[in-house]
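In: Kindly generate the corresponding structure for this input.
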Amino acid sequence: MTGGGRPVIRTPDQRIRVFVSSTLRELAEERRAARAAIERMRLAPVMFELGARPHPPRELYRSYLAQSDVFVGIYADSYGWVAPGQEISGLEDEYDLVPDGMPKLIYIRASDRRDPRLDALIGRIQTDDTAAYLPFVSAEDLEEQVSTDLATLLAERFDESRQQLAGGGPEEIPPTPSPRIPVPYTSTIGRDREVEEVRALLAGDDRLVSLVGPGGIGKSRLAIEIARATEDLFPDGRYFMPLEGVLEPGLLLPTIAYVLGIRDNGEAALEERVARALSGRRVLLVLDNFEQIVDAAPLLVRLYDLAPQTTMLVTSRAVLRVRGERVYEVRALGLPAAGARPGIERVQRSSAGALFVDRARAVKDDFALTEESAAAVAEVCRQLEGLPLGIELAAAKSRLLTPRQIADRLERSLPMLTAAARDLPDRHRTMRATIDWSVSLLPPEQRALLADLGVFARQFTLEAVEAIGRGRPWEGQEVEAIEALVDASLVKRGELSGRTVLSLLQVVREHSLERLREQGDVGRMRAAHADHYSALVERVAPGLRGAGQGEAVVQLGLELPNLRAAVRHLVHTDRLDDAGDYAWRMLVYWWIAGFFGEVRVWMLELLGKDRPITAHTRAVARFFVLWSELWQAPTEAVVEGLGECVRLFDESGDEDAAAMATAARATARLQLPHPALDLADEELAVAVERLRALGNAWAEAITEVSRGRLAWLRGRTDEAQARFDRATEVAAASGDLFTLSVAGNHQARLQLVRGEVNAAESGCVRTLLVSIRLHFEEGVAYGLEGLCAVAAARGDGERAGALSAAADQIRQRIGVFDAEAFTVHTPQLDAMRRRDPDGVAAGERHGRDLSVAEAIALALPEDERGAIRTALAQW
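Out: Below is the predicted model:
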């Protein structure tokens, strides 16, 4: 919506971002109301919930404004704080920085004691014909007004997106955020030589390079810079895989698969799919924080053989000690030269000194080195042994302390603190002591909060922090305390899909958890964490089964690291029945996102505990464990195990789960070396009738697809077509996009086999459009192959070859196989190749070079391309 001219509403795969400007403490209740109104509209609030910094990050909020679509200003009495050296407050500055053409909704609370400078700003706003000026009385009144005004605004601007959304279908599911190469919050200083040295290793014959060093020395930041500097070496992709939340060695392979875009639906061995995805590709995998799953290191050796052109860059505190590993020790930053009194130039020339100065200026923009302060900065850097994180923590104190005061406090504190950690190596002791020192300067409530934050996974929200605060020393002080921890560089703040997110560095999180253990509070806080995310799942998961599927998948995807942590907390604290209920509620999400391998690890651990569990929990755990065996190692024992699940679900009174387990048992019968076709057919029919009676539309549709596949295998194509038609009808009626894609692709492919080319083309286009909205690459591949067969049937060899090659590229990259019986485009393509070998070959050469978006554009009729242009921009 930004920019000149009449703004265009973006489709939900790029959520509209609403920037909210107001004073913080004065209008805390109103800010919560505005957030609720924005999220009710399924838009993304952009809010500086942690308050203005004493030196406002003007470039930061300029950047946020530039990426936003609507500006909402909320004003009452206060003009806001004016930073030193500034002439206006951040409140007025934000209004002035609103880009031309951005809609502005301004809400003014009645007041008889308003700051005169705010009165002057409001006077300017009243003469601004691009702003809507609206009074409000209370927070409740404001919430209703914001919601109504945003709805009106969207309706007025609802042009290009209208065709796409007017068809009655549910909204798009944006791609799950994929951790490619992160963008650092701050500049990287003093690592140019290391980047060049490791780049040279990666350009040579080294397939596994380990960056080894203590916590806080900058391994992760160095790995990011190396990955950014090696695009030319790895033209097929560089993937960043954060492992700090991966504590079980068995989850390494699922994590690699997830980052590569491979859905683990249990239907093929994950190792085989990863090997296929990486085959023939020059790819760099960056595995960050490997030390906690070092027992999984032999898997990296297996990847040597599975993916000969793949290179791995690992960060770890410990050497992996596996074949082929090249160890690169990450050194501390260079210190100011010893000997002569360090002057300004000498300190700035050292990488440690330059880092201190850079980070000090970030919190105090008039910070400047003098001859006296240069000596103190040099002393600080030496005391901290050039450890980057330690220097950043010390520099963060520059807002309140001079370099001399920082140096003096370190001199008093560090020797005592390092002596208390003699069981650690030297630099580990220094880093631990530096964090202890930085934390010791905080008031008790902030220290307590930092310790409690250790239960969170990689990223979390302020709302989640508030949810676990009941009865804690910092309850009610969350905003101010988080603000102080951000200022102290102990908490990082960023943005994810329009939301403010918080995070801790791994070494700080470890420190926090250690404090919790010492206080005896780790169990309590893990329980509070699990309770919060269990409540979130209970609230959101029902939307997975119908028209709310898109929003539910997005919301759960944004919380994924903490959803994983919550399962782990429940299992580790022996709340096994709660873990079973949690896992079952998330069944549809595990299915759509492809996390069956991870759930299986947790359920095996649950079953391995010598603790009483309910029949329902045992059935859930057994179901998840047997799901992959159903596909990969089908035996009579698997069929019997799923039969036991049916019995246990029935015994528990869960008819819905029993019907789904019945369908799974029937599917297992079909996978046996000697399939029991008639019995499987009967069980699938029973399952469908039960699911229909229970109103479980998504499971009914999926089971109808299974019935159609069985009929197809038996040569009963009329019956199969009827099953696929029914599955498509049920999925469409319920608004289940994912099942609509699966069912629709089966429907169209069988139409191709039956020679119904025109109907098949319409079906392929329809399901390709759905798959685009889902960002479901497997469905896209099916759609391209279907349209390849259509092109071949119509004698267009070049088009057929291009679409086939493009689909094959997708299949290889995400490791997707297909049963030979259901691969329908190859006979038509082979026939076309015999008639026009040159045309097909030319098309295949062209198709191998197409991006996903280009292949889709080639496949779709011209009149369909405009409606999905915005969605294609995400590929």
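In: Show me which helix or strand of this structure is least confident by mean pLDDT.
Out: Taking mean pLDDT, DSSP states H and E as the measure, the chain has helix 162-165 as its least confident helix or strand, at a mean of 35.
In: Just read off the phi/psi values of Pro242.
Out: In this entry, Pro242 is assigned phi and psi values of phi -70, psi 130 (degrees, to the nearest 10).
In: same deal with the one 5 residues further on?
Out: Backbone geometry at Leu247, expressed as degrees, to the nearest 10, gives phi -100, psi -20.
In: Relative to Pro298, how far out is it?
Out: With distances defined as C-beta to C-beta, to the nearest Å, the gap from Leu247 to Pro298 amounts to 18 Å. For the C-beta atoms, the positions are set from N, CA and C on the backbone; glycine is no exception.
In: With Gly548 instead?
Out: Using C-beta to C-beta, one obtains 43 Å as the distance from Gly548 to Pro298.
In: Check Leu150 too.
Out: In this structure, Leu150 lies at 54 Å from Pro298, with C-beta to C-beta as the measure.
In: These two: who's more crowded?
Out: Between Leu150 and Pro298, counted using other C-beta atoms under 10 Å, Leu150 has the larger neighbour count: 21 against 12.
In: Hmm, Ala36 and that one touching each other?
Out: No. In terms of C-beta atoms under 8 Å, Leu150 does not count as a neighbour of Ala36; the distance is 11.9 Å.
In: what about the helix or strand where Arg326 lies, distance to the chain center?
Out: In the assignment (DSSP states H and E), Arg326 maps to strand 325-329. Computed by C-alpha atoms, centre = their mean, to the nearest Å, the chain-centroid distance of strand 325-329 equals 30 Å.
In: Sheet-wise, list the partners of that strand with their directions.
Out: strand 208-212 (parallel) (DSSP bridges).
In: On the C-terminal side of the strand it pairs with, identify the next helix or strand.
Out: Sequence order places helix 219-228 as the next helix or strand after strand 208-212, per DSSP H and E.
In: So which elements touch that following helix?
Out: Based on contacts counted as 3 or more C-beta pairs under 8 Å, 6 or more residues apart in numbering; DSSP states H and E, the elements that helix 219-228 packs against are helix 192-203, strand 208-212, strand 238-242, strand 283-288, strand 310-316.
In: Out of these, which is closest to Arg773?
Out: Nearest to Arg773 among the helices and strands packed on helix 219-228 is strand 238-242; the distance by C-beta to C-beta comes to 24.7 Å.
In: quick one, that closest one and helix 219-228 angle?
Out: 170 degrees (axes from the mean of the first three to the mean of the last three C-alpha atoms, to 10 degrees).
In: Any idea how far the next helix or strand after strand 238-242 is from the middle of the chain?
Out: Using DSSP H and E, the helix or strand that follows strand 238-242 towards the C-terminus is helix 252-260. For helix 252-260, the separation from the chain centroid amounts to 13 Å (computed by C-alpha atoms, centre = their mean).
In: Render the CA-only coordinates of helix 252-260 in PDB, please.
Out: The C-alpha atoms that make up helix 252-260 are tabulated as PDB, following Å, rounded to 0.1, in the frame of the first residue of the first chain:
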ATOM      1  CA  LEU A 252      19.400 -33.200  13.600                       C
ATOM      2  CA  LEU A 253      18.200 -34.800  10.400                       C
ATOM      3  CA  PRO A 254      14.600 -33.400  10.700                       C
ATOM      4  CA  THR A 255      16.000 -30.000  11.400                       C
ATOM      5  CA  ILE A 256      18.200 -30.100   8.200                       C
ATOM      6  CA  ALA A 257      15.200 -31.400   6.300                       C
ATOM      7  CA  TYR A 258      13.000 -28.500   7.600                       C
ATOM      8  CA  VAL A 259      15.400 -25.800   6.600                       C
ATOM      9  CA  LEU A 260      15.900 -27.400   3.100                       C
END
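In: Can you give me every residue that contacts the closest residue to Ala733 other than its chain neighbours?
Out: Using C-beta to C-beta, 6 or more residues apart in numbering and skipping the chain neighbours, the partner closest in space to Ala733 is Ala697 (7.1 Å). With contacts taken as C-beta atoms under 8 Å, 6 or more residues apart in numbering, Ala697 has the following neighbours: 545-546, 730-731, 733-734, 736.
In: Next one: Asp69 from Gly795, what distance?
Out: Between Asp69 and Gly795 the distance is 46 Å, computed by C-beta to C-beta.
In: Could you tell me the angle between the host helix or strand of Arg517 and strand 238-242?
Out: With the criterion set as DSSP H and E, the secondary-structure element containing Arg517 is helix 506-519. An angle of 10 degrees separates the directions of helix 506-519 and strand 238-242 when computed by the same axes, to 10 degrees.
In: Mind listing what's buried along helix 506-519?
Out: With burial defined by 16 or more other C-beta atoms under 10 Å, the residues of helix 506-519 counted as buried are 506-513, 515-516.
In: count of residues packed around Ala227?
Out: Neighbour count of Ala227, defined by other C-beta under 10 Å: 22.
In: how about the strands of this structure, start to end?
Out: Assigned by DSSP state E, the chain shows strands spanning 17-21, 44-46, 70-75, 104-109, 131-136, 208-212, 238-242, 283-288, 310-316, 325-329, 492-496, 499-503.
In: What pairs with the first one, parallel or antiparallel?
Out: Looking back up the chat, that one is strand 17-21. Applying DSSP bridges to the sheet, strand 17-21 is found paired with strand 44-46 (parallel), strand 70-75 (parallel).
In: Which residues does it contact?
Out: With C-beta under 8 Å, 6+ apart as the test, strand 17-21 has contacts from 31, 34-35, 38, 43-47, 64-65, 67-74, 91, 94-95, 150, 498.
In: that older thread, can you list the buried residues of helix 506-519 in a markdown table and add distance to Gly641?
Out: As requested, those are arranged in a markdown table below (distance: C-beta to C-beta, whole Å):
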| residue | distance to Gly641 |
| --- | --- |
| Gln506 | 39 |
| Val507 | 44 |
| Val508 | 44 |
| Arg509 | 39 |
| Glu510 | 40 |
| His511 | 44 |
| Ser512 | 41 |
| Leu513 | 37 |
| Arg515 | 44 |
| Leu516 | 39 |
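In: Can you tell me which of those residues is closest to Thr130?
Out: Val508 (44.1 Å).
In: check contacts around that closest one.
Out: Val508 makes contacts with 435, 450, 490, as judged by C-beta under 8 Å, 6+ apart.
In: same deal with Gln348?
Out: The neighbourhood of Gln348, defined by C-beta under 8 Å, 6+ apart, consists of 354, 357, 369.
In: Most neighbours out of the residues you listed, which is it?
Out: Counting by other C-beta under 10 Å, Val357 has the largest number of neighbours within those, with 23 neighbours.
In: Please tell me I have it right and Leu410 contacts Arg382.
Out: No. When contacts are counted by C-beta under 8 Å, Leu410 is not listed as touching Arg382 (9.9 Å).
In: Neighbour count: these two, which is higher?
Out: When neighbours are counted by other C-beta under 10 Å, Leu410 and Arg382 differ, and Leu410 comes out ahead with 22 against 16.
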